[in-house]
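Generate a structure from the sequence data that follows.
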Amino acid sequence: MVGRDPEGRVMPFTRSAPPRRIGHPPTGQVARSARLAAVPVAYAGRRIAGFGKKVAGRAPDEVDRDIRARTAEHLFQVLGELKGCVAKLGQLLGLLELGLGPDLAEPYRLALARLHDSAPAMLPGAVHTELATHLGPDWRSLFLDFEDRASAAASVGQVHRARWHDGTPVAVKVMYPGARRAVLADLQALRRATPLFAALLPGADTRPVIEALCEEIHAELDYAREAANQRAFAAAFADDPDVVLSRVIAQRGDVLVTEWLDGVPLSKLILRGEAAELDRLGVLILRFLFSAPARAAHLYGDPHPGNFLRMPDGRLGVVDFGACMPWPTAFLDVAGDVGAAVIADSPADLEAAMRRHGFVAPGRELDIATVAARLQPVREALLAPTYPLSGDWLRKQVRLATDLRLSNVLRQLTMPPDHTPILRSFLGGIAVLCQLQTAVPLRAECTRWYPETAAAAGL
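All right, here's what the predicted structure looks like:
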């Protein structure tokens, strides 16, 4: 028997796979691994074919652009089909995509947007089955109307627009059948990859950090927990003049019903929005992310352009609270201690603070001069009234952080596992603000929401 690879080439196989229902991600580890493994195989085939095209006289730049575009399309198509954990990793690839040059990044940016907005949807029959399972066989009586076509796709579920029985416009989030099993399989694969991270970061105790990340992702499968998060945020921001969060209407099993926010996603505004408007929204996003721990006692863990909206009245709308985590209040002591050394520009104090708070393994050498130099942008951002963020700035930082040479100072550092959600929120927020190319009033927001910590740091 024969089959075809993603490039259409004939290839043998010994056993045919059963047909997969549309909208159901493959849950077997072998099937999921095979889909991911096909990406580098197809890429190698494109490189070989591209060499022939160059020999035949086609412009090398044109051939390379075509290879990048087709590889990006294939990669994010596979991630979108698998959904689950690997789709979340696909979203995180957006940060690395921003570290590439504009010409290299364009195919990945377009494919990533399609991954977020157009992941393969469940057919109506599958949606109705899930609604009946979790809301009961008379689920239709809960709605005045329900749109069978999904309005948005998430990593483990999709969202439908509807009207609740009292007339309230609502968003109905339905988990993909089999998503929980698929995510658990992916988390096992991520745990098995821990030795790879240890090789890249020999100074870090990667196992507890990876375990903390796995626990975070696993927690996002709990819609009851997400509903509790959203209620906490909605209550904390109920009277905010600049931020609007929807109420939770109902939650049962793998279905979550919330008020519909009729705004324009930031992912669309970035492409065509006015600079002044994007700058204004950037400040509101910074304020929301910074103030959330102080106001809601939670971190907002999933900042990316698809989760922020510009509302018709100009306010910032925020959706998706599955990745929120309780705020580790002890981190304020860490921030004040390390921040004081950064502000004072004292490498000796910085090394002492980093060792004291577990950022360096006991007995390990540390090139503190290089660490201090890498933290200079943080010092500048905290001292200046506003600090400009841009794609160019982020590209520079990503290149420094992902440098695989042994001389990369990050290889000497580690991270306490309970800081994992903070790092995830921080990196996502920075990526969003850099896409907006906004100037952030970091010092003002620090002193407004955490005055004691700011004072301890010398701000």
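
Residue 313 - how many residues pack around it?
Each residue near residue 313 was counted by other C-beta atoms under 10 Å, and the total is 7. (Each C-beta comes from the backbone N, C-alpha and C, glycine too.)

show me where pLDDT drops low in the stretch 51-200 of the chain?
For the stretch 51-200 of the chain, the stretches with pLDDT under 70 are 51-56, 64-65, 67-121, 154-155, 185-200.

how many neighbours does the residue nearest to residue 316 when sequence neighbours are not counted have?
Distance criterion C-beta to C-beta, 6 or more residues apart in numbering; nearest residue to residue 316, sequence neighbours excluded, is residue 284 at 4.2 Å. Residues near residue 284, counting by other C-beta under 10 Å, number 19.

got it, and the one 5 residues further on?
Residues contacting residue 289 under the criterion other C-beta under 10 Å number 21.

check contacts around the spatially closest residue to it that is not a sequence neighbour.
Residue nearest to residue 289 in three dimensions, not counting chain neighbours: residue 429, with 4.9 Å by C-beta to C-beta, 6+ apart. By C-beta atoms under 8 Å, 6 or more residues apart in numbering, the contact list for residue 429 reads 285, 286, 289, 303.

buried residues in whatever helix or strand residue 369 lives in?
Residue 369 is located in helix 368-374, with elements delineated by DSSP states H and E. By neighbour count with 16 or more other C-beta atoms under 10 Å, helix 368-374 contains the buried residues 368, 370, 371, 372, 374.

Alpha carbons of that helix, as PDB, please.
Provided in PDB are the C-alpha atoms of helix 368-374 (Å, rounded to 0.1, in the frame of the first residue of the first chain):
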ATOM      1  CA  ILE A 368      27.700  38.700  37.100                       C
ATOM      2  CA  ALA A 369      29.100  41.500  34.900                       C
ATOM      3  CA  THR A 370      27.300  40.000  31.900                       C
ATOM      4  CA  VAL A 371      24.100  39.400  33.900                       C
ATOM      5  CA  ALA A 372      24.200  43.100  35.000                       C
ATOM      6  CA  ALA A 373      24.700  44.200  31.400                       C
ATOM      7  CA  ARG A 374      21.700  42.100  30.200                       C
END
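
Could you look up the next helix or strand downstream of that helix?
Taking DSSP H and E, what comes next after helix 368-374 is helix 376-383.

Tell me which other helices or strands that next one touches.
helix 331-344, strand 387-388, helix 442-449 (3 or more C-beta pairs under 8 Å, 6 or more residues apart in numbering; DSSP states H and E).

Could you point out the helix or strand that follows the second one?
This points to strand 387-388. helix 391-401.

and the angle from that following helix to helix 376-383?
140 degrees (axes from the mean of the first three to the mean of the last three C-alpha atoms, to 10 degrees).

re earlier: which helices and strands does the helix holding residue 369 pack with?
Checked by 3+ C-beta pairs under 8 Å, 6+ apart, helix 368-374 has helix 347-356 packed alongside it.

list the buried ones in the helix it packs on?
Within helix 347-356, judged by 16+ other C-beta under 10 Å, the buried ones are 347, 349, 350, 351, 353, 354, 355.

Also stretch 448-457?
Under 16+ other C-beta under 10 Å, the buried positions of stretch 448-457 are 449, 450, 453, 454, 456, 457.
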